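Colleague: just to be clear, the model below is a prediction. Sequence and coordinates:
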Amino acid sequence: MSSLKLDAEALYADLLSGVRGLMQPDSILVGIWSGGAWLAERLQRDLNRPGEHGVISSALHRDDFGSRGLTAGADHTKLPFDVTGKPVVLIDDVLYTGRTIRAVINELYDFGRPASVTLAVLVDRGGRELPISAAVSAARITLPISQRLSLAKDDAGRFSFDIKEGA
């Protein structure tokens, strides 16, 4: 277990501020299942945005689908709006290799062609395998490859991080 301590609630406040600056009147929020979906839900509320946020899963477009199989998030894509011609603000909890983002963009384009896709993340942990970067990142950290960082949410909706050994 790592001694690194991240205050997810304080980072959420920074993410909220950054996402506020990205939003256009017709922007739509789409959170990546599951941590990004939690963040998008709260951002939608805290930004007083009308309508619903979207949720998208990377499971069906992952390049490691053969080894991972169909994950629990595979049936979680829910886009209650037309994405065509809209600026999409894509929300995720942790940006690492970029492979999830690539898969999610492929999934998103199965539903239409957005005007733009802008990425905002709570934490960028580096280690990119693809040329993907976030327009907004509340924190940038470096973790050993052997550690996994994941967002947790308690019953009251407050965020925290778990850092575990084993990628």
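Modeller: Happy to help now that I have it.

Colleague: element containing residue 120?
Modeller: strand 116-124 (DSSP states H and E).

Colleague: which strands or helices does whichever helix or strand comes after that strand pack on?
Modeller: Downstream of strand 116-124, the first helix or strand assigned by DSSP H and E is strand 136-140. On a contact count with 3 or more Cβ pairs under 8 Å, 6 or more residues apart in numbering; DSSP states H and E, strand 136-140 meets helix 8-22, strand 116-124. To be clear about C-beta, it is placed using only N, CA and C from the backbone, and glycine gets the same treatment.

Colleague: can you put the ones you listed in JSON lines and add mean pLDDT and mean neighbour count?
Modeller: As requested, those are exported to JSON lines (pLDDT from 0 to 100; neighbours: other Cβ atoms under 10 Å):
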{"stretch": "helix 8-22", "mean pLDDT": "98", "mean neighbour count": "16"}
{"stretch": "strand 116-124", "mean pLDDT": "98", "mean neighbour count": "22"}
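
Colleague: out of these, which comes closest to residue 160?
Modeller: Of all the helices and strands packed on strand 136-140, helix 8-22 sits nearest to residue 160, with 5.1 Å by Cβ to Cβ.

Colleague: quick check: which helices or strands does that closest one pack against?
Modeller: Looks like helix 8-22 contacts helix 35-46, strand 87-95, strand 116-124, strand 136-140, strand 159-165 (3+ Cβ pairs under 8 Å, 6+ apart).

Colleague: could you give the separation of that helix from the chain centroid?
Modeller: 13 Å (Cα atoms, centre = their mean, to the nearest Å).

Colleague: and the next helix or strand past it?
Modeller: Proceeding N to C from helix 8-22, the next assigned helix or strand is strand 28-32, under DSSP H and E.

Colleague: for the chain, where's the lowest mean pLDDT among helices and strands?
Modeller: Of all the helices and strands that make up the chain, helix 65-68 has the lowest average by mean pLDDT, DSSP states H and E, namely a mean of 49.

Colleague: low pLDDT regions in the protein?
Modeller: Scanning the chain for pLDDT under 70 picks out 1-3, 62-74, 167.

Colleague: right, and residue 118 touches residue 91 too?
Modeller: No: if you go by Cβ atoms under 8 Å, residue 118 and residue 91 don't touch, sitting 9.9 Å apart.

Colleague: now do the residue nearest the centre of the chain against residue 84, distance only.
Modeller: Centroid-nearest residue in the chain, with Cα atoms, centre = their mean: residue 92, separated by 1.1 Å. To residue 84, residue 92 is 22 Å away according to Cβ to Cβ, to the nearest Å.

Colleague: could you dump the helices and strands packed on strand 136-140 to a markdown table with distance to residue 160?
Modeller: Below are the helices and strands packed on strand 136-140 laid out as a markdown table (distance: least, Cβ to Cβ, whole Å):
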| stretch | distance to residue 160 |
| --- | --- |
| helix 8-22 | 5 |
| strand 116-124 | 11 |
